[in-house]
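S.K.: return a 3D structure for these sequence lines:
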Amino acid sequence: MRVDLFDFDLPPERIALRPARPRDAARLLRVSRDEPFTGHIVRDLPTLLNPGDILVFNDTRVIPAQLEGRRGQARIGATLHKRIDLRRWLAFIRNAKRLHQGDTIEFSAGVAAMAEERHADGSWTLRFAGDEPVEVLLERAGTMPLPPYIAAKRGTDAADRSDYQTMFAKAQGAVAAPTAALHFTPELMAALAGAGVAHETLTLHVGAGTFLPVKADDTADHAMHAEWGRIDAATAARLNAARAAGNRVIAVGTTSLRLLESATGEDRVIRPFEGDTAIFITPGYTFRAIDGLMTNFHLPRSTLFMLVSALMGRERMQAAYAHAISEGYRFYSYGDAGLLLP
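M.R.: Numbers count the residues shown, from 1 in each chain. Sure thing, here's the model as predicted:
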């Protein structure tokens, strides 16, 4: 499909630079196939879902993967986006024209890495010096990797250490937050449990590639980034049992949705999964694992807007986004959310 079919105009003032406080006070737009759009707040979820529904969260933990350093006199910025092994990470590099294979980048706090290999997509493999785990080095020298549309408007600060982390964050490795889950609080989870809504967790380490623009003119020519994920056997079994009993599986965030769909066969059975997924969901895709999605509002022409268009229909999502813009909803990672129920 033509990528320009997924374009829309977004006023810059609709981009949220800070999250709602408290988190569950964010606005929530309910979107179905045929009914009118209805406006709520996130803490209304217990009244919008059915007893027996299961929300599926991503328990990945964002690491401070943004590094600033020097190669000689040249300033070099690095955003780590995927672990290769204990000492090596793939990274997107700022001022990459000043970096050559074999160069050493000196970051702050005594952290250093060698530029080992440049890849076709422009990223580099960085090999970190020393024996400490790279995650320990990042705690010393790194900052939270805010999305570029926020970082371009303000600097990262201490509040982002907690704001850009979900209450479910456990498994270290993401360089971008599964932002739909940022809206949840312990109080909301207790209310959902009281309403008979269950939840499960899986792990998908979100990479910085999620922010890369689609440069191709046709979706068929876009190469999707790969991310590592895991669903254990017990979780898969509980989700399958819930669906067999007629209950709905609702992904919280596109990352949860993409991993669930990657783990599910044509027989609609969710299987244990561990490894990379580069699934790219566009209109025409047949969903196998999920019955709904809670997600934030996405960028024009992005793979994520294509995904929600596949779930709800492109024209329906164009109308929903136009409604959200006209009603003052806040967009992107720190913004409001939609509950999509096809």
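S.K.: show me what contacts A141?
M.R.: Shown here is A141, whose contacts under the criterion CB atoms under 8 Å, 6 or more residues apart in numbering are 67, 107-111. Where C-beta positions appear, they are placed from N, C-alpha and C, glycine not excepted.
S.K.: and what of T125?
M.R.: For T125, the set of contacting residues under the criterion of CB under 8 Å, 6+ apart consists of 84, 88-91, 115-117, 119.
S.K.: pairing partners for whichever helix or strand it is part of, with directions?
M.R.: Taking DSSP states H and E as the definition, one finds T125 inside strand 124-128. According to DSSP bridges, strand 124-128 forms sheet pairs with strand 88-94 (antiparallel), strand 112-118 (antiparallel).
S.K.: and these, which is most packed in?
M.R.: When you average the neighbours per residue for each of the strands paired with strand 124-128 (mean count of other CB atoms under 10 Å), strand 88-94 leads with a mean of 21.
S.K.: distance from the worst-scoring helix or strand of the chain on mean pLDDT to the middle of the chain?
M.R.: When the helices and strands of the chain are scored by mean pLDDT, DSSP states H and E, helix 148-151 comes last with a mean of 87. Shown here is helix 148-151, whose average C-alpha point lies 15 Å from the average C-alpha point of the whole chain (CA atoms, centre = their mean, to the nearest Å).
S.K.: quick one: residues in contact with it.
M.R.: Under the contact criterion CB under 8 Å, 6+ apart, helix 148-151 has outside partners 15, 17, 211, 299, 332-334.
S.K.: buried sites along it?
M.R.: 149-151 (16 or more other CB atoms under 10 Å).
S.K.: redo the residues you listed as JSON lines? Include distance to S309.
M.R.: Conversion of these to JSON lines gives the following (distance: CB to CB, whole Å):
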{"residue": "Y149", "distance to S309": "20"}
{"residue": "I150", "distance to S309": "24"}
{"residue": "A151", "distance to S309": "27"}
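S.K.: nearest to E187 among those?
M.R.: I150 (26.3 Å; CB to CB).
S.K.: how close does that closest one sit to G72?
M.R.: With distances defined as CB to CB, to the nearest Å, the gap from I150 to G72 amounts to 30 Å.
S.K.: export stretch 47-58 as PDB, just CAs?
M.R.: Listed next in PDB are the C-alpha coordinates belonging to stretch 47-58 (Å, rounded to 0.1, in the frame of the first residue of the first chain):
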ATOM      1  CA  THR A  47     -16.500   0.100  33.300                       C
ATOM      2  CA  LEU A  48     -15.400  -0.200  29.700                       C
ATOM      3  CA  LEU A  49     -14.100  -3.800  29.800                       C
ATOM      4  CA  ASN A  50     -16.000  -7.000  30.500                       C
ATOM      5  CA  PRO A  51     -15.400  -9.400  33.400                       C
ATOM      6  CA  GLY A  52     -13.100 -12.100  32.100                       C
ATOM      7  CA  ASP A  53     -11.200  -9.800  29.800                       C
ATOM      8  CA  ILE A  54      -7.400 -10.200  30.000                       C
ATOM      9  CA  LEU A  55      -5.100  -7.200  29.600                       C
ATOM     10  CA  VAL A  56      -1.600  -8.100  28.300                       C
ATOM     11  CA  PHE A  57       1.300  -5.900  29.400                       C
ATOM     12  CA  ASN A  58       4.900  -5.600  28.300                       C
END
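S.K.: tell me which residues of that stretch come out buried.
M.R.: 48-49, 53-58.
S.K.: for it, what is the average pLDDT?
M.R.: This predicted structure assigns stretch 47-58 an average pLDDT of 98.
S.K.: what about the stretch 201-342 of the chain, any weak spots by pLDDT?
M.R.: Scanning the stretch 201-342 of the chain for pLDDT under 70 picks out 209, 211.
S.K.: could you pull out the helices for it?
M.R.: Assigned helices in the stretch 201-342 of the chain, in chain order: 233-244, 254-262, 303-312, 314-326 (criterion: DSSP state H, counting those that start in this stretch).
S.K.: so of these, which one's packed in deepest?
M.R.: Highest mean neighbour count of the helices of the stretch 201-342 of the chain: helix 254-262, a mean of 27 (counted as mean count of other CB under 10 Å).
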